[in-house]
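*Asks:* sequence unavailable; structure follows:
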DNA sequence: TTCATAGTTCGATGTTAATCGAAGCATCCG
DNA sequence: CGGATGCTTCGATTAACATCGAACTATGAA
């Protein structure tokens, strides 16, 4: 008598730690090889292979063969959405896999969390935007204010484009090191991507560290502090 | 080195068929007892008890004791959101737990799918609203048109209230019997609830069947067909 | 061809966890 | 006080599955 889509089957695929790690590594949108995903998940290549086979069979990821590499990507934006919602729930109920404190100071300062900015600078960005009332946060979550919309426009972020896929614009994400919120969601990701494009920052190759240039960091600071227009940064 | 919320832990809680059944039964918002949930999930009370203990420990559901009954509800709107996203994914990838064809014609005609209308009438509603351009569907999903917004207003649905919680207004849900889309999401649920309030239909006590009164069915038909104003139905 | 790299399959092992029967509490009713 | 109902705990069974070592396949490079 049970009808409808089989939620459990999909959820079970996301419900294994190794697989969840692989999938969150893929949220950035970049295609990763099986070996890279194995390392992300902290398992051996054999184990990863087995997990990836399941994820592919379940159409959670898609596979692109290229030479002797097999590149995996998420099969659609709905997977990102699911991961973010689950992330939000895990945050709310306090299920964090936080064990050790942050060691590397660079990591504590600015790093990538999925595809948005985390660390002290991530928290500063969140509170800065909130102080400038560009984002407003209530008990239901975060959203862009009208001022925030025009800010995004000025800053060169195509909000309409972002709205076109169903990923929510703004989400709160509890920061592991700072224990405060930073900004996730499509807008959070777009901001970080814009920082890259503007040359303010770049991502390290092997780690999650985000390195800001001196000039970039200064611009970033003004972005978070200044209540005045931001066009002079660009 | 792994940081951030523990997605896998939450997903694993949703990833068991028995638990998923219980949770989807709770999407309606009604509080259900352990025994009712056991029946929904098709397991014995002992098994249900064990599952419910896990769900409560994981803060997916909340418990309210009342006399010798224990009423369970979902712990927040984010759980509904998660279930709907997963439902969408399961639909997309074709993971349906459809086994037998629909037997009961009444069930095939109109039934409850989670908390919205499914069956032939559910499909008729979807295509009717689409034909009247009250909802528009593109590759990213469904949304209300401007005309749809004023329609909802006229029809007595508090859109602003719905928007206040984060559950998406419109979602497509593939119909089990008719193999076409019907309307899910907060708006889909609100429509069905409005049908109840208007006396057009009522839900059977023990099954998922939705029974329309003759008058109600006629009004419903006009709702789906007529391009003119709907105020005359009210 | 030979070697190295990327990835898979196979097989064995250990762990987790879902399930239900039986018995135990707790609450309400008469 | 029984006796019934709602639900949980205990214990045992079973099945699923995550994991990794070892061996195998496939692609590319020298």
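*Replies:* Structure's in. What do you need? It should be emphasised that the depicted structure is a prediction, and the values quoted were computed from it without experimental measurement.
*Asks:* could you list the low-confidence segments of chain A?
*Replies:* The model of chain A has pLDDT under 70 over residues A:1-4, A:95-105, A:138-141, A:165-166, A:174-180, A:205-207, A:226-234.
*Asks:* wait, isn't residue A:93 in contact with residue B:59?
*Replies:* Yes: using Cβ atoms under 8 Å, residue A:93 makes contact with residue B:59 at a distance of 3.8 Å. Every C-beta, even on glycine, is put in place using the N, C-alpha and C of the backbone.
*Asks:* residue A:191 against residue A:159, yeah?
*Replies:* No: using Cβ under 8 Å, residue A:191 is not in contact with residue A:159; the gap is 11.6 Å.
*Asks:* who has more neighbours out of those two?
*Replies:* Just comparing residue A:191 and residue A:159: by other Cβ atoms under 10 Å in any protein chain shown the higher neighbour count belongs to residue A:191, 20 against 17.
*Asks:* sec struct for that one, please.
*Replies:* helix (DSSP: H, G, I helix; E, B strand; the rest coil).
*Asks:* residues touching it, list them.
*Replies:* Going by Cβ atoms under 8 Å, 6 or more residues apart in numbering or on different chains, residue A:191 touches A:116-117, A:125, A:155, A:157, A:183.
*Asks:* helices - which of the residues you listed land there?
*Replies:* Among those, the members falling in helices (DSSP state H) are A:125, A:155.
*Asks:* ok, residue A:32 touching residue A:41?
*Replies:* No: using Cβ under 8 Å, residue A:32 is not in contact with residue A:41; the gap is 10.7 Å.
*Asks:* mind listing the shared neighbours of the two?
*Replies:* Between them, residue A:32 and residue A:41 share these contacting residues under Cβ under 8 Å, 6+ apart: residue A:25.
*Asks:* please identify which of the two sits among more neighbours.
*Replies:* Legend: neighbour count by other Cβ under 10 Å for residue A:32 and residue A:41, higher for residue A:41 (23 against 20).
*Asks:* quick check: the more buried one touching residue A:16?
*Replies:* No: in this structure residue A:41 lies outside contact range of residue A:16 using Cβ under 8 Å: 9.3 Å.
*Asks:* that older thread, ranking the contacts of residue A:191 by neighbours, who comes first?
*Replies:* Within the contacts of residue A:191, neighbour counts (other Cβ under 10 Å) peak at residue A:183, which reaches 29 neighbours.
*Asks:* so that residue makes contact with residue A:122?
*Replies:* Yes: if you go by Cβ under 8 Å, residue A:183 and residue A:122 touch, sitting 7.1 Å apart.
*Asks:* what number of residues lie near residue A:46?
*Replies:* Neighbourhood size, residue A:46 [other Cβ under 10 Å]: 9.
*Asks:* kindly apply the preceding question to residue A:160 instead.
*Replies:* The burial count for residue A:160: 8, using other Cβ under 10 Å.
*Asks:* and the contacts of the helix or strand hosting it?
*Replies:* Using DSSP states H and E, residue A:160 sits in helix A:159-164. Identification of contacts with helix A:159-164 by Cβ under 8 Å, 6+ apart yields A:144, A:149, A:152-153, A:169, A:186-187, A:190, B:140.
*Asks:* who does the helix or strand just after it pair up with?
*Replies:* Using DSSP H and E, the helix or strand that follows helix A:159-164 towards the C-terminus is strand A:171-174. With DSSP bridges as the test, strand A:171-174 is paired with strand A:181-184 (antiparallel).
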